[in-house]
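please work out how this folds:
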Amino acid sequence: MKRHHWLERIRQLDPETDFTEIYRISSWYEFPWDTSQSLGFALYRTYAVPSIGRLLARTGEFTERAQKRYDDTVLILEAVVEHGFDSDRGREAIRRMNGMHRRYAISNEDFVYVLSTFVVVPKRWLDSYGWRPYSAHEVRAAVNYYRELGRHMGLRDVPETYEGFERLLDDYERAHFAFDRGGRDVSDATLDLTASWYPRPLGAQMRRSSICLLDDPLREAFGYPRPPALLTALVRGGMRLRGRFVRLLPPRRRPHLARDGRQVRGYPNGYEVSELGTFGPPESGGCPFPHGGAS
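Numbering: from 1, shown residues only. Alright, predicted model coming up:
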């Protein structure tokens, strides 16, 4: 197999109709580690929006049960990629996600902003640290994939292009990024979770390194001091060096799913998608949007 075997396969597909297959190839064969890292950072960005970070802190799920919330989020989202929107397991994963969201009064604008992070942050990550950037087919497929997910969530006013998603993300963050105690608590719990995946001395360093990867508006919204310039340069340089090394490797012959990684720890004996996540009555007011109507 040639190094660009999977890219050639992607170029044979139509991102308007084969977007799930293209996204699957990119996520599992071309960029499994980068996809996992960048989607984690995408979700992490949303904590700096006070309405989101404060809600997540209030539930206690992301501060008191961070590993379970990480596992459930990864596994629910992965089930849709793996099985597709029209499959029984894909529909069950979307029902589970919508069922959790419906418990809270979350605005359509916050939901669409979160969706935009899943489109924009992975592309920006690969532009900076990947062994190659996304191709035009992959960018368009990601847009169509998350537009379809948004449709199944019952969202309104979802952008139609990558440029639209990017503009929405940048405008929303300029308008809404701000310090909030709840968002900072969720951020701290997430960084502590990341550190827990490594031996103690290395874990502390990984926590510091993660902060070095934050852009200034995000870091300042959480109230973290600026890391030393030398450490930031070393961390970001190391990430770019990794990308150059991966470029020399042969193409992956077998898919690598997020559940195969050592970060997902909560279900050693397996799981059912219908049992993932949280359950309970809605908070006062509930969620005003008709999530799941298309599912």
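
every contact and neighbour count from this point should use C-alpha atoms.
Noted.

which SSE is immediately downstream of the helix or strand containing residue 169?
Assigned by DSSP states H and E, residue 169 belongs to helix 162-176. Toward the C-terminal end, the helix or strand that comes next after helix 162-176 (DSSP H and E) is helix 181-196.

which other residues reach the helix or strand following that following helix?
Proceeding N to C from helix 181-196, the next assigned helix or strand is helix 200-212, under DSSP H and E. Outside helix 200-212, the residues within contact range by CA atoms under 8 Å, 6 or more residues apart in numbering are 191-192, 194-197, 219, 224, 227, 231-232, 235-236.

ok now the biggest helix by length in the chain, how far from the chain's centre?
Under DSSP state H, the helix in the chain containing the largest number of residues is helix 108-129. The gap between where helix 108-129 is centred and where its chain is centred comes out at 8 Å by CA atoms, centre = their mean, to the nearest Å.

hey, C-alpha coordinates of that helix in PDB?
Once side chains and other backbone atoms are set aside, the C-alpha atoms of helix 108-129 remain, and they are given as PDB (Å, rounded to 0.1, in the frame of the first residue of the first chain):
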ATOM      1  CA  ASN A 108     -30.000  26.400  19.800                       C
ATOM      2  CA  GLU A 109     -27.100  28.900  19.500                       C
ATOM      3  CA  ASP A 110     -25.000  27.000  22.000                       C
ATOM      4  CA  PHE A 111     -25.700  23.700  20.300                       C
ATOM      5  CA  VAL A 112     -24.700  25.000  16.900                       C
ATOM      6  CA  TYR A 113     -21.600  26.600  18.300                       C
ATOM      7  CA  VAL A 114     -20.600  23.200  19.800                       C
ATOM      8  CA  LEU A 115     -21.200  21.600  16.400                       C
ATOM      9  CA  SER A 116     -19.000  24.200  14.700                       C
ATOM     10  CA  THR A 117     -16.100  23.200  17.000                       C
ATOM     11  CA  PHE A 118     -16.300  19.600  15.700                       C
ATOM     12  CA  VAL A 119     -16.000  20.900  12.200                       C
ATOM     13  CA  VAL A 120     -13.400  23.700  12.600                       C
ATOM     14  CA  VAL A 121     -11.000  22.600  15.300                       C
ATOM     15  CA  PRO A 122      -9.900  19.300  13.700                       C
ATOM     16  CA  LYS A 123      -9.000  21.100  10.400                       C
ATOM     17  CA  ARG A 124      -7.100  23.700  12.300                       C
ATOM     18  CA  TRP A 125      -5.300  21.000  14.300                       C
ATOM     19  CA  LEU A 126      -4.300  19.100  11.200                       C
ATOM     20  CA  ASP A 127      -3.100  22.300   9.600                       C
ATOM     21  CA  SER A 128      -0.800  22.900  12.500                       C
ATOM     22  CA  TYR A 129       0.200  19.400  13.600                       C
END
